[in-house]
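A.B. asks: Build me a structure from this.
(one chain, ligands or ions: 1)
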Amino acid sequence: QTGSANTNPSDSADDEYITSVSIGTPAQVLPLDFDTGSSDLWVFSSETPKSSASGHTLYSPSKSSTAKKLSGSTWSIEYGDKSSSSGDVYTDVVTIGGFSVKTQAVESATKVSTQFVQDTVISGLVGLGFDVGNQVSPRPQKTWFSNAANSLAEPLFTADLRHQETGSYNFGFIDTSLAKGTIGYTPADGSEGYWGFTATGYSVGGAKLNRNSITGIADTGTTLLLLPDNIVDAYYNNVESAQYDDSQEGVVFDCSEDLPSFSFGVGGQTITISGDLLNLTPIEEGSSTCFGGLQSSADIGINIFGDVALKAALVVFDLGNERLGWAQK
Ligand SMILES: CC[C@H](C)[C@H](NC(=O)[C@H](C)NC(=O)[C@@H](CCSC)NC[C@@H](N)Cc1ccccc1)C(=O)O
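C.D. replies: A predicted model of the protein is given here:
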């Protein structure tokens, strides 16, 4: 068995990618953010305070004949951007891309931070990280993918995120036609719950890759490519108008400037992110100053290959072999 779900950018800056997920009987369809950087499936629900829930699609367990309260279980999660949510837990049938998991832990939010309240394009997250990262207590729950893996043709999923167009999350198979290049595989370290890996080097503007390795995580739930200051500086030294903008908390530049590409080595392949993909968006509607897709990871303490990097590739999250595959698109 396999599954295939379309995913769409949430806005003109590709801030998030939205995928429809069916929960319960009859199906309640919610727009969710698939997040390989976390391991909890949580949703806005009938239990979310009305003041926080307005504008969001809600899951109502009471309207699902297959919903069961996981009594005594609660969850609470904090994200790198200081956003957070918490609540209680149900189990219900969850269908993604035509594949159903009958008894999936669906974490219902009784509290959500302002970032989520304001982000009305999504009604929750589907954690696609490793189970060790799940935050349900007293008994941690499995992710949807972990529950599905044994029934899928292959215990893997792929992410094909695209700039301003529809992409896909495929489960149980690799559609190699989505990529131009060969898939390069490298070991994945799931010990922290993330999809951790090491890139073997990098270069700016198509130069030969150096051999300075970069260890980080592949995180579909993070918009940017977040790397160490020395690499960020090496890149923006090639962008004449680049400067750090305190209010934007990042490097900005003239939207009219042509940006160099950024490449990194992984699994014997080279992934090149075009300059266009590294110009994320004007800092505000109609501005001629643009915000960079590559920013510093110094404040977080971990390097994050977020959507800006993932958009350049077909990425294989191979749980069965504990490895990540990357192919140029
Ligand atoms: C460092 C951040 C906290 C403290 C840390 N939490 C994490 O690492 C969580 C699981 N993952 C995340 O905060 C990040 C990975 C950060 S690596 C430190 N990914 C998921 C995030 N982008 C999800 C999201 C999506 C849309 C809107 C907001 C947030 C922890 O629990 O220890």
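
A.B. asks: the longest helix in this protein is where?
C.D. replies: helix 229-236 (DSSP state H).

A.B. asks: so for it, what's the average pLDDT?
C.D. replies: For helix 229-236, mean pLDDT is 98.

A.B. asks: Near the ligand, which residues of the stretch 1-150 of the chain are found?
C.D. replies: The stretch 1-150 of the chain comes close to the ligand at residues 33, 35, 37-38, 78-81, 83, 125, 133, as judged by CB under 6 Å from any ligand atom. For the C-beta atoms, the positions are set from N, CA and C on the backbone; glycine is no exception.

A.B. asks: Now restrict those residues to buried residues only.
C.D. replies: 33, 35, 37-38, 79-80, 125, 133 (16 or more other CB atoms under 10 Å).

A.B. asks: Please identify which of those residues is nearest to the ligand.
C.D. replies: residue 37 (2.6 Å; CB to the nearest ligand atom).

A.B. asks: ok, now which ones touch the nearest residue to that closest one once chain neighbours are set aside?
C.D. replies: Spatial nearest neighbour of residue 37, chain neighbours left out: residue 219 (3.4 Å); criterion: CB to CB, 6 or more residues apart in numbering. Applying CB atoms under 8 Å, 6 or more residues apart in numbering to residue 219 gives the contacts 35-37, 194-195, 304-306.

A.B. asks: pretty sure residue 33 contacts residue 123?
C.D. replies: No: if you go by CB atoms under 8 Å, residue 33 and residue 123 don't touch, sitting 9.0 Å apart.

A.B. asks: show me what contacts the nearest residue to residue 28 once chain neighbours are set aside?
C.D. replies: Computed as CB to CB, 6+ apart, the closest residue to residue 28 that is not its neighbour in sequence is residue 59, at 5.6 Å. Residue 59 makes contact with 23-24, 28, 30, 43-46, 106, 108, 123-124 under the criterion CB under 8 Å, 6+ apart.

A.B. asks: Inside strands: which ones of the residues you listed?
C.D. replies: Using DSSP state E, the subset of those located in strands is 23, 28, 30, 43, 106, 108, 124.

A.B. asks: Could you dump those residues into JSON lines with pLDDT and neighbour count added?
C.D. replies: Shown next, in JSON lines, are those (pLDDT from 0 to 100; neighbours: other CB atoms under 10 Å):
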{"residue": "23", "pLDDT": "99", "neighbour count": "27"}
{"residue": "28", "pLDDT": "99", "neighbour count": "21"}
{"residue": "30", "pLDDT": "99", "neighbour count": "25"}
{"residue": "43", "pLDDT": "99", "neighbour count": "29"}
{"residue": "106", "pLDDT": "99", "neighbour count": "28"}
{"residue": "108", "pLDDT": "99", "neighbour count": "25"}
{"residue": "124", "pLDDT": "98", "neighbour count": "29"}
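
A.B. asks: I'd like to know which of the residues you listed is nearest to the ligand.
C.D. replies: Proximity of the ones in strands among the contacts of residue 59 to the ligand was ranked by CB to the nearest ligand atom; the top entry is residue 124 with 9.7 Å.

A.B. asks: Alright, calling it a day.
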